[in-house]
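K.L.:
For reference, the sequence and a predicted model appear below.
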Amino acid sequence: MPKPRLPKKKTARKKLRVLTVQTEDYVERIQELVDRKGYARVSDIAEELGLTPSTVSNMVRRLARLDLIEFENYRGLRLTDKGRAVAQRIQARHAILADFLEVLGINGDDVRQDVEGIEHHISRSTLEAIEALTKALRKYPAVLAEILKRDRSG
């Protein structure tokens, strides 16, 4: 007679929710609007992102389900504690990348465009390496000067 099998032990798995680039863009814009205006409305977000209000409304519902935002009557949207934590990570990542490119002498328009293209696709370890490199370049200006001598024509 075969041995009775015990039921498989269930292991608690921590659900890892990776935010999409689009989700991060919304959270980032909402925080920027709140910082600038004190509130964020669907129409403001739509204007900032160049989208229709109905498209933004769909994402706003998704952000609410993810517990990143909440609605306040007559005040618009605001980030939850979780949403603010996400926004702070995005802003820190943005600042580190912008600082690095500025140290390298990249012009402002290129910095903004490049950071927007890079910031959602960079790993934590790469970001930490860039931050350390930026600090080292500031600490050793002779090395930075050698780097900046490069031909800027292309």
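P.N.:
Right, received. Where do you want to start?

K.L.:
Please make it C-alpha for all contacts and neighbour counts, starting now.
P.N.:
Will do.

K.L.:
so residue 44 sits in a helix?
P.N.:
Yes - with DSSP: H, G, I helix; E, B strand; the rest coil as the criterion, residue 44 is located in a helix.

K.L.:
where's it relative to residue 65, distance?
P.N.:
As for residue 44, its distance to residue 65 is 21 Å (criterion: Cα to Cα, to the nearest Å).

K.L.:
Looking only at neighbour counts, state which of these two leads.
P.N.:
Looking at residue 44 and residue 65 with other Cα atoms under 10 Å, you find the greater number of neighbours at residue 44, namely 17 against 11.

K.L.:
and the residue nearest to that one when sequence neighbours are not counted, how many residues sit next to it?
P.N.:
Counting by Cα to Cα, 6 or more residues apart in numbering, residue 33 is the residue found nearest to residue 44 once chain neighbours are left out, at 7.8 Å. A count of nearby residues for residue 33, using other Cα under 10 Å, gives 19.

K.L.:
Not counting the host helix or strand of residue 33 itself, show me its contacts.
P.N.:
Residue 33 belongs to helix 21-37 when assigned by DSSP states H and E. Residues from elsewhere that reach helix 21-37, judged by Cα atoms under 8 Å, 6 or more residues apart in numbering: 39-40, 44-45, 48-49, 59, 63, 68, 77-79, 83-84, 86-87, 90-91, 120.
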